[in-house]
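In: Have a look; sequence and predicted model below, questions after that.
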Amino acid sequence: MPPKLTAALGALAVEASPDEFAAVESLLGGTFSKLAEIRRSPTAKIDAVDLTSQEIKDWLSGLPIEPHDELHVAWIADRLGARMSFEKFAANVDDLWFPAMDDIVSVLYSGGNLMVLVLDHEEVITLSTVNPGEETARLCGLGLRRRRQHESCLLRSEHGEGRDVPDVHTQAGVRDLDPSRGVCDDLVCNDRVLEFEGLRD
């Protein structure tokens, strides 16, 4: 990671980690390979080559994203990610984006859609809205119920009642949950991993 980026994140009290990078990848279905397709019909696009830092900030601030919406941000070359508000990201973009060295992919779930903000090494910025369709909507609708089921499963197992607990993972279509990351932080559904941050207490 560039020293300037490390310093900028430290000044913003934002911690970057490989786990947060994995969270961004997970929100995109477990791979960044679909980015080209996602960016093909963007909601907003600008060539920032000749723009000043302030003009880039102003353009980002004009996007249909609420200032306090939480972005999951990934620096692709460094395989590191972090979470921060959109307002913080937009206000400090000149300290967070080094086009000659890296691409930034940011995602957030808003208004029933997955929004993908990309700042690439060619200094093109795009915002794309991905309609999750019925499958993703179904998974999001089941997220809270699955979490409660899994919590119940863990609690009852801790009290020695595991034999009477239904196979929640099979019934819900969830495999390979990792309790070490927190109850139901990861939901592996139909070979797709979706991070349901909004379901944490």
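Out: Done, it's in. Residues are numbered from 1 along each chain as shown.

In: And the pLDDT for the closest residue to Ala82 other than its chain neighbours?
Out: Excluding the flanking residues, the one nearest Ala82 by CB to CB, 6 or more residues apart in numbering is Ala16, at 4.3 Å. Any C-beta I mention is one placed from the backbone N, CA and C, and that applies to glycine too. Confidence at Ala16, expressed as pLDDT, is 94.

In: For Ala16, give me its contacts.
Out: Contacts for Ala16 (CB atoms under 8 Å, 6 or more residues apart in numbering) come out as Met1, Leu9, Trp75, Asp78, Leu80, Gly81, Ala82.

In: among those residues, which are in strands?
Out: Mapping the contacts of Ala16 onto strands (DSSP state E) picks out Trp75, Leu80, Gly81, Ala82.

In: Am I right that the last one is in contact with Leu12?
Out: No. Ala82 is not in contact with Leu12 according to CB atoms under 8 Å; the separation is 9.0 Å.

In: Flag the least confident of the contacts of Ala16.
Out: When the contacts of Ala16 are compared on pLDDT, Met1 comes out lowest, with 70.

In: wouldn't that residue be in contact with Gly81 here?
Out: No. Between Met1 and Gly81 there is no contact under CB under 8 Å: 11.3 Å.

In: more neighbours, the two?
Out: Comparing Met1 with Gly81 by other CB atoms under 10 Å, the one with more neighbours is Gly81, at 24 against 15.

In: and the residue lying closest to that one once chain neighbours are set aside, what does it touch?
Out: Spatial nearest neighbour of Gly81, excluding adjacent residues (CB to CB, 6+ apart): Glu20 at 3.2 Å. Glu20 is in contact with His72, Val73, Ala74, Leu80, Gly81, Ala82, Arg83, counting by CB under 8 Å, 6+ apart.
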